[in-house]
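[1] could you look at this predicted model? Sequence included:
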Amino acid sequence: ELTAYLYAFKAENASSIASGMPPSSQLGWSTDYDVFMLGTLGFPTNAAQQLTPSAAREAERFKTSSPEQSSFGHWVQDVYIPCMDYPNALATIFASLATPLVARLNTEGLTYCLAADPGTGKTTAMNAAASVWGRPDRVSSSWDSTQSGAQAAMILRGGGLPIMLGDTKDCRNPELIQPVVYAIANGHSRERATIDGGRAKSDTWRLLCITSSDQKLAHFISEGSGGAARVFDMVGYPFGDRSEERKALTDQVNQQSHIHYGWAGYRMIDCLTNKDSGFTWEWARSYWKMWQERYTKGPGSDYRLRMARAPALIQMARNIGEMYLGLPELDTEQSDRLDRLLVRSMDGAVAHLDRVANFKNRLQSMLSSSASRFYAPSMGTTAFAQGGRPSWYGFYSLFGNDVPTVCFIITEVKKYFEDAGVMEWRARFEDLAKNNMCVLSDSGQATVQRRPFKNGPRPMVYQVILSELGMEVDLSVFYEKSEEDEQRRYRHKDKYS
């Protein structure tokens, strides 16, 4: 009886059952079937795709507002057009619209951040960007999450729908930000083993994340980790300077984005999947190449080559919107303002990435200079001084074994590192001190945290710092040019070659 029932059920519902297609756990592009699942609808319009229960629940978030009260034209008039004069808000909308392009253009994910003071319209700009795909309060998420929760959202939307995260001030644990940024860019979950010792299939995603913060998102990324190359900060008030007029504008946009929503995203996907729309991926790839070349020009070309995808995706979404979706074209002044924002954001991103490289050069120069070096014969109360003037680093024969140690006055280290933009300086140096690698002092008097050596002296602090920064230095600069020092250097040539 059960078999007969199932046979009759399949026959009756054959038109709505996707034959041979397993349920999808992910919205967006399905590379196997060339289908884009947006909400509960499959594109092209004749496509069918079943969803897992979790994906079906997520799909409920992506719906248009009531057709009786709203339309794409209403969204354009009441949400998009008011943002056209404000490049930060406009770029956020385009970043949201660009998310389905990431997988097809074979580029990695990215996190865009609106960085501005509180009360300047960041939330309104975020709601306008979220309204591309659905009602903002349903489409958007919060940083008040766990890493597993954030990854679940990436899996569900990983085929090409954006992750809209609120302000970073909602993040209870700021250490969550960096792994989320990395995960969005890397595009896959951790590899796991199966019960029989094989490799389980990893979850993958290709998407963009859009968030806001009172400061640059790059400031939450460890210096030198490479995470800053996965972040694109757009600094500035989204709707211009504070005023009553601006407040009235943001209130209007915020209200309308909760009334007219979902239309632009549906039109975007229909354009990308409908052969009659006139859009082709050959055209898209040619424009993609053009915009990347546009934003790779300038200093710091190595980093620009990688970061150029961020402004290029925004400009691609603008081109598609104006040419195929029916968005009003930006006038010359509006276009120039958008371009200046993207160039300025690129310059800021590249400068941040170059900061570590610049710091390497400064440290190299510092260690190679004889002007600031000091010498002290033994451990004790001898202040760090040279010629009656305090100095904050130099050679110290610490344990009477002729093994050189570099000593630092920590207050000066703090200033030097902060000026260089290096984060986590205290934790780094305290860890070195605990491992007998350096001397730290707040007063200028030599103090040290030590424990017995094992297997001889450990590497000295300058060696550790240089290895962290990928540098090499001629350690002979730490010795006076004398016959005794030449002999000392010769004795340690194997250790310090």
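    That came through, no problem.

[2] which secondary structure elements does the helix or strand A317 falls within sit against?
    Taking DSSP states H and E as the definition, one finds A317 inside helix 309-320. Packing partners of helix 309-320 (3 or more C-beta pairs under 8 Å, 6 or more residues apart in numbering; DSSP states H and E): helix 87-98, helix 101-104, strand 110-115, helix 281-295, helix 332-368. C-beta: built from backbone N, CA, C; applies to glycine.

[3] let me know which of those is the nearest to R230.
    strand 110-115 (6.3 Å; C-beta to C-beta).

[4] what does the helix holding A317 contact?
    91, 94-95, 97-98, 101-102, 105, 107-108, 110, 112, 208, 232, 268, 271, 279, 284, 287-288, 291-292, 294-295, 327, 330, 338, 342-343, 345-346, 349 (C-beta atoms under 8 Å, 6 or more residues apart in numbering).

[5] quick check: PyMOL command selecting the buried ones in those.
    Entered in PyMOL, the line below selects the buried ones among the contacts of helix 309-320, by 16 or more other C-beta atoms under 10 Å:
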select buried, resi 91+94+95+97+98+101+102+105+107+110+112+208+232+268+271+279+284+287+288+291+292+295+327+330+338+342+345+346+349
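
[6] wait, is G42 part of a helix?
    No - using DSSP: H, G, I helix; E, B strand; the rest coil, the secondary structure at G42 is strand, not a helix.

[7] quick one: contacts for L156?
    Taking C-beta under 8 Å, 6+ apart, one finds S25, Q26, L27, S54, A55, E58 in contact with L156.

[8] what of T194?
    Contacts of T194 by C-beta under 8 Å, 6+ apart are A200.

[9] for it, give its distance to R230.
    Applying C-beta to C-beta, to the nearest Å, the value for T194 to R230 is 30 Å.

[10] can you check S70 too?
    36 Å.

[11] pick out whichever of the two has more residues nearby.
    Neighbour count, other C-beta atoms under 10 Å: between S70 and R230, R230 has more, with 25 against 18.

[12] surely that one touches G187?
    No - with contacts counted by C-beta atoms under 8 Å, R230 stays clear of G187, the gap being 10.9 Å.

[13] and for these two, which residues touch both?
    E108, G109.

[14] any weak-confidence spans in the stretch 251-400 of the chain?
    299-301, 355-400 (pLDDT under 70).

[15] which residues does I221 contact?
    I177, Q178, V181, G227, A228, V231.

[16] could you tell me which of those belong to strands?
    V231 (DSSP state E).

[17] make TSV out of the contacts of I221 and add distance to R157, pLDDT and neighbour count.
    Formatted as TSV, the contacts of I221 follow (distance: C-beta to C-beta, whole Å; pLDDT from 0 to 100; neighbours: other C-beta atoms under 10 Å):
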residue	distance to R157	pLDDT	neighbour count
I177	19	90	23
Q178	21	89	18
V181	16	92	26
G227	21	73	20
A228	24	78	27
V231	19	93	27
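
[18] looking at the contacts of I221, which are in helices?
    Taking DSSP state H, the ones among the contacts of I221 that sit in helices are I177, Q178, V181.

[19] dump those to CSV, plus distance to T64.
    Converted to CSV, the ones in helices among the contacts of I221 look like this (distance: C-beta to C-beta, whole Å):
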residue, distance to T64
I177, 32
Q178, 35
V181, 31
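
[20] tell me where the stretch 51-200 of the chain has strands.
    Using DSSP state E, counting those that start in this stretch, the strands found in the stretch 51-200 of the chain span residues 110-115, 140-141, 163-167.

[21] for those, which one ends up most surrounded?
    For the strands of the stretch 51-200 of the chain, average neighbour numbers computed from mean count of other C-beta atoms under 10 Å are highest in strand 110-115, which has a mean of 25.

[22] so for it, what's the average pLDDT?
    Model confidence over strand 110-115, given as mean pLDDT, is 94.

[23] just give the nearest non-adjacent residue to D233, would you?
    K216 (4.4 Å; C-beta to C-beta, 6 or more residues apart in numbering).

[24] so who does the one you found touch?
    C113, A115, V231, D233, V235, G348, H352.

[25] check the gap between the last one and K216 for me.
    Between H352 and K216 the computed distance is 8 Å (C-beta to C-beta).

[26] likewise for the fifth one?
    Distance of V235 to K216, computed by C-beta to C-beta: 7 Å.

[27] what do those two both touch?
    A115, G348.

[28] surely R267 is in a helix?
    Yes - assessed with three-state DSSP, R267 lies in a helix.

[29] okay, now it: neighbour count?
    21.

[30] ok, and the closest non-adjacent residue to it?
    That would be L325: by C-beta to C-beta, 6+ apart, it lies 5.0 Å from R267.

[31] ok, now which ones touch that neighbour?
    A264, R267, M268, C271.

[32] now it: how far from P118?
    33 Å.

[33] what strand or helix carries F36?
    With DSSP H and E as the criterion, F36 is inside strand 35-38.

[34] what packs against that strand?
    Strand 35-38 packs on strand 28-30, strand 41-43, helix 263-273, going by 3+ C-beta pairs under 8 Å, 6+ apart.

[35] apply 10 Å and report the result again.
    strand 28-30, strand 41-43, helix 53-59, helix 263-273 (3 or more C-beta pairs under 10 Å, 6 or more residues apart in numbering; DSSP states H and E).

[36] compare these and report which one is nearest to W75.
    helix 263-273 (4.9 Å).

[37] report the angle between the closest one and helix 281-295.
    Calculated by axes from the mean of the first three to the mean of the last three C-alpha atoms, to 10 degrees, helix 263-273 forms an angle of 110 degrees with helix 281-295.

[38] where along the stretch 101-250 of the chain do the helices fall?
    101-104, 122-130, 136-139, 147-157, 177-186, 244-257 (DSSP state H, counting those that start in this stretch).

[39] for the nearest residue to K122 once chain neighbours are set aside, which residues are in contact?
    Nearest non-adjacent residue to K122, counting by C-beta to C-beta, 6+ apart: S212, 4.1 Å away. Contact partners of S212, counting by C-beta atoms under 10 Å, 6 or more residues apart in numbering, are 92, 112-116, 118, 120-123, 125-126, 143, 164-169, 234, 238.
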